[in-house]
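# could you look at this predicted model? Sequence included:
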Number of protein chains: 2
Amino acid sequence: MELTDRKLKILQAIIRNYLETGEPVGSRTISKYTDLNLSSATIRNEMSDLEEMGYIVQPHTSAGRIPSDKGYRLYVDMLMKEKADEMASLKVELDNKTAKLEVILKETAKILAHNTNYASLVTTPQYRTKKLKFLQLSKMDEHNLLAIVVLEGNVIQNRVVATEGPVEEDTILKLNLILNTYLNGLDLREINLGVISKMKQENPKFATLLTEVLDSIADCFGEENIETFTSGATNIFKYPELNDSQKASNLLYALEEKKQLTELMYSEGDSDRGIQVYIGDESPLEATKDCAVVTATYHLDEGVYGKIGIIGPRRMDYEKVVSSLQNLMSELDEIMK
Amino acid sequence: MELTDRKLKILQAIIRNYLETGEPVGSRTISKYTDLNLSSATIRNEMSDLEEMGYIVQPHTSAGRIPSDKGYRLYVDMLMKEKADEMASLKVELDNKTAKLEVILKETAKILAHNTNYASLVTTPQYRTKKLKFLQLSKMDEHNLLAIVVLEGNVIQNRVVATEGPVEEDTILKLNLILNTYLNGLDLREINLGVISKMKQENPKFATLLTEVLDSIADCFGEENIETFTSGATNIFKYPELNDSQKASNLLYALEEKKQLTELMYSEGDSDRGIQVYIGDESPLEATKDCAVVTATYHLDEGVYGKIGIIGPRRMDYEKVVSSLQNLMSELDEIMK
DNA sequence: GTTAGCACTCAAAATATCCGAGTGCTAACA
DNA sequence: TGTTAGCACTCGGATATTTTGAGTGCTAAC
């Protein structure tokens, strides 16, 4: 059967209406709602077709229709095409003087949640290909060194390095010199065995210490280092279809744990610039089977990116979410430059 | 009317039973539950008295009784007296080699939540009277310095200091020297105008820079610097009496925002070593009016302490919670020494 | 002081009843 | 051939009604 223009319009009307009300919509409603000037009977016939084609479903015999995941998908795809570039104006109050990444990201999550009324997620960027700006060791006490690692983009991390024996102030100065000389401007892939062994060979006195330090700072780059900030988790109580203790509990648990969600955000490899939408069962994550998840990518530098995302009910205001995400995305791009 | 020993036993039995089941308990239940060997009729008489005295209430005429806040209070107070020193053995898997405070505290929250099946809170300690161990400035780029502040107890913080103009490497070295000379070993109260102006007078060349740096690091000590970690928020869904979307939503919101909870934890000034219990309406916080909140204090150094706490339903297993808290409290005391 | 017995209460569960939005189908119409 | 009015039918949800049983308070006997 063919998806005529009229069917499309009706489908769109059904979805729009359902997004507003959250209730199944009937033929009479649509007959009045659209500018098609068709009677409810005609709409019924068309709806019957749309149901057969799988775009809408009836929760039970004598109820109106609601969009199926397939219906949402069609709708979202259409939307994406239309709205690809247009961008609503969203006032963002990020104070870009704050140089601390963590603070910016937390703030971003808050703005996003507040603006959309859904739950939001923001991850720290992956540093895999991030370059080392500088590295600074200091003596904390007899058995511990403090290593400060600053990566490009002013990402600051610190690690405590436990040393075998006590270390002289003098040695620390030398270590700092060696480490910065060899490693500055390199990214994780470039800090490989070659550089390391060269470094040790040319400074045999410090071989042990260097190993200890390098081990401890290696994970500053690592993937397990991604942190996810969430905000607005309790927004989900605003939507009756999620407001059921079982569902809410699972969802909130996922939001608290974050780990799975982080994986989800990074799962769909590299649709990179694009915006990714998971509707209901499309999501690989059990906890979000009743939700829609929309994620976007922000860029910190070539090859270095993080994710921002939204979790809400299936009947999500996709237009608003997409434009909010695009907005914040470019806002972040800007700040991070 | 006097609170006889028998009445006390019955009250205790009622509370215990209610903690287990969450259902109002009737006279017949108690008559079997206790070793008093009294008929249900007798129990009924006693219960009638207990109700009159305000220790138990009837949700409706033909239901059993549940403890009132006053009843819980009596119970908890008795418990505290009995259990003051005894300590259950709780296997704590804190890896005390990790020197990073944040990680330890997050882990603590998790253990606590997991162990008790309630929601847990852990705050970072207040550093008001914490001494400065050392301070390290590094050049990040033309307009930003990175200030690392290490306080006693290996609490590490960093701040980005924006400077007026570019700063020479040489200048940074000198600044480091000056700052550490004047400030090492001092706490916030001791870093007052006196020291600062003296420092500036004796190093007039750096007066402006010093001001910038000191401003930025001042809040490393500040109270607004307390962070609260939570865990097990979704545990509240396990208790039917909280599992109502309105209550759950409020509570979870409070747990997400944390700010109010932090205030709550620090509100009851200085019961210091002790354990603080808020039952229902005793709590100043609206969101926890249907809960019980138990908090304890851990010590990092003289005058420096943080809080750990539990939020759960009124019918909380107080014994277990108290001993868990005591355990973790001393465990933390130990690690922080 | 304790207990058995019994009438009484009342929330919660089970059951019955009603209501109406919405459907599918048919027949008439343009 | 596509559109529409009309109508019988369905069924979830709201409301009303009944049943059930745990629990109480009171009284009288032990």
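Sure, I can see it.

# so which residues of the stretch 101-250 of chain A form helices?
A:101-116, A:169-183, A:193-202, A:207-218, A:245-257 (DSSP state H, counting those that start in this stretch).

# buried set for stretch A:21-39?
A:24-27, A:29-31, A:34, A:38 (16 or more other C-beta atoms under 10 Å in any protein chain shown). C-betas here are computed from N, CA, C, even on glycine.

# next, the angle from the longest helix along chain A to helix A:101-116.
Longest helix of chain A, by residue count under DSSP state H: helix A:318-336. Interaxial angle, helix A:318-336 versus helix A:101-116 (axes from the mean of the first three to the mean of the last three C-alpha atoms, to 10 degrees): 160 degrees.

# re the thing from before, A:Gln136 is nearest to which of the helices of the stretch 101-250 of chain A?
helix A:169-183 (6.4 Å; C-beta to C-beta).

# for the closest residue in space to A:Thr34 that isn't next to it in sequence, give its distance to A:Tyr33.
Once flanking residues are discounted, A:Thr34 sits nearest to A:Ala13: 4.9 Å by C-beta to C-beta, 6 or more residues apart in numbering or on different chains. Note on A:Ala13: its distance to A:Tyr33, by C-beta to C-beta, to the nearest Å, is 5 Å.

# before we move on, the earlier item: what helix or strand is the residue nearest to A:Thr34 on?
Using DSSP states H and E, the element containing A:Ala13 is helix A:5-21.

# any chance you could list what contacts that helix?
By C-beta atoms under 8 Å, 6 or more residues apart in numbering or on different chains, the list of residues contacting helix A:5-21 from outside reads A:24-25, A:29-30, A:33-34, A:36, A:43, A:46-47, A:49-50, A:55-56, A:65-67, A:71-72, A:74-75, A:78, A:315-317.

# give me the residue from the stretch 101-250 of chain A nearest DNA strand D.
Residue of the stretch 101-250 of chain A nearest DNA strand D, by C-beta to the nearest atom of the strand: A:Pro240 (10.8 Å).

# what sits against the residue nearest to that residue when sequence neighbours are not counted?
Leaving aside its sequence neighbours, A:Pro240 sits nearest to A:Gly22 (C-beta to C-beta, 6+ apart; 6.3 Å). Residues near A:Gly22 by C-beta under 8 Å, 6+ apart: A:239-241, A:313, A:315.

# tell me the spacing between A:Gly22 and A:Lys7.
Relative to A:Lys7, and taking C-beta to C-beta, A:Gly22 is found at 23 Å.

# and what of A:Ile226?
In this structure, A:Ile226 and A:Lys7 are 43 Å apart, going by C-beta to C-beta.

# give me the number of residues near the residue nearest to A:Gly232 when sequence neighbours are not counted?
The shortest distance from A:Gly232 to any non-neighbouring residue, by C-beta to C-beta, 6+ apart, is to A:Ala113 (2.6 Å). Using other C-beta atoms under 10 Å in any protein chain shown, A:Ala113 is surrounded by 23 other residues.

# repeat for A:Lys70
Residues lying near A:Lys70 (other C-beta under 10 Å) number 16.

# check what pLDDT the nearest residue to it once chain neighbours are set aside gets.
Of all residues not flanking A:Lys70 in the chain, A:Gly54 sits nearest, at 5.1 Å (C-beta to C-beta, 6+ apart). With respect to pLDDT, A:Gly54 scores 94.

# ok, now which ones touch A:Gly54?
A:68, A:70-71.

# any idea how chain A splits into domains?
A:5-67, A:88-125+A:227-336, A:132-224 (automatic domain parsing).

# just to revisit the earlier point, what's the following helix or strand after the helix holding A:Ala13?
Helix A:5-21 is succeeded, C-terminally, by helix A:27-33 (DSSP H and E).

# chain B contacts on chain A?
By C-beta under 8 Å from any C-beta of the partner chain, the residues of chain A that approach chain B are A:97, A:99-100, A:133-134, A:136, A:138, A:140-141, A:144, A:146, A:148, A:150, A:154, A:156, A:158-160, A:162, A:231, A:233-234, A:237, A:243, A:245, A:248-249, A:252-253, A:256.

# repeat the analysis, applying 6 Å as the threshold.
Taking C-beta under 6 Å from any C-beta of the partner chain as the contact definition, chain A meets chain B at A:99, A:136, A:138, A:148, A:156, A:158, A:160, A:233-234, A:237, A:243, A:245, A:249, A:252-253, A:256.

# just to revisit the earlier point, and the domains of chain A as a markdown table, adding distance to B:Gln326?
Formatted as a markdown table, the domains of chain A follow (distance: least, C-beta to C-beta, whole Å):
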| stretch | distance to B:Gln326 |
| --- | --- |
| domain A:5-67 | 48 |
| domain A:88-125+A:227-336 | 26 |
| domain A:132-224 | 28 |
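
# which one of the ones you listed is the most hemmed in?
With neighbours taken as mean count of other C-beta atoms under 10 Å in any protein chain shown, the domains of chain A reach their highest mean count in domain A:88-125+A:227-336, at a mean of 19.

# tell me the mean pLDDT for stretch A:166-174?
On average, the pLDDT along stretch A:166-174 is 89.

# ditto for stretch A:26-38
Taken as a whole, stretch A:26-38 carries a mean pLDDT of 90.

# then stretch A:290-302?
On average, stretch A:290-302 scores 86.

# let me have the contacts of A:Gly54 in CSV, extended by distance to A:Ile172.
Formatted as CSV, the contacts of A:Gly54 follow (distance: C-beta to C-beta, whole Å):
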residue, distance to A:Ile172
A:Ser68, 64
A:Lys70, 63
A:Gly71, 64
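
# which of those sits closest to B:Ser120?
Closest to B:Ser120, out of all of the contacts of A:Gly54 and judged by C-beta to C-beta, is A:Ser68, at 41.1 Å.

# ok, now which ones touch the closest one?
A:56-57 (C-beta atoms under 6 Å, 6 or more residues apart in numbering or on different chains).

# now with 8 Å, please.
A:Ser68 touches A:54-57, counting by C-beta under 8 Å, 6+ apart.

# quick one: furthest residue from the center of chain A?
A:Lys205 (45.4 Å; C-alpha atoms, centre = their mean).

# roughly how far does that residue sit from B:Asn154?
28 Å.

# likewise A:Leu79?
Shown here: A:Leu79 relative to B:Asn154, a distance of 52 Å by C-beta to C-beta.

# how about A:Leu3?
65 Å.

# same check, this time on A:Thr211
Distance, A:Thr211 to B:Asn154, using C-beta to C-beta: 22 Å.

# ok, A:Ile111 next?
34 Å.

# wouldn't A:Ala248 be in contact with A:Phe237 here?
Yes - using C-beta atoms under 8 Å, A:Ala248 is in contact with A:Phe237, at 6.8 Å.

# low-confidence regions, chain A specifically.
A:82-99, A:127-129, A:153, A:219, A:221-224, A:269-273, A:301-303, A:336-337 (pLDDT under 70).

# and it, which residues reach DNA strand D?
When proximity is defined as C-beta under 7 Å from any atom of the strand, chain A approaches DNA strand D at A:37-39, A:41-42, A:45, A:60-63.

# run the last query once more with 10 Å
A:4, A:6, A:23-24, A:27, A:31, A:36-46, A:58-63 (C-beta under 10 Å from any atom of the strand).
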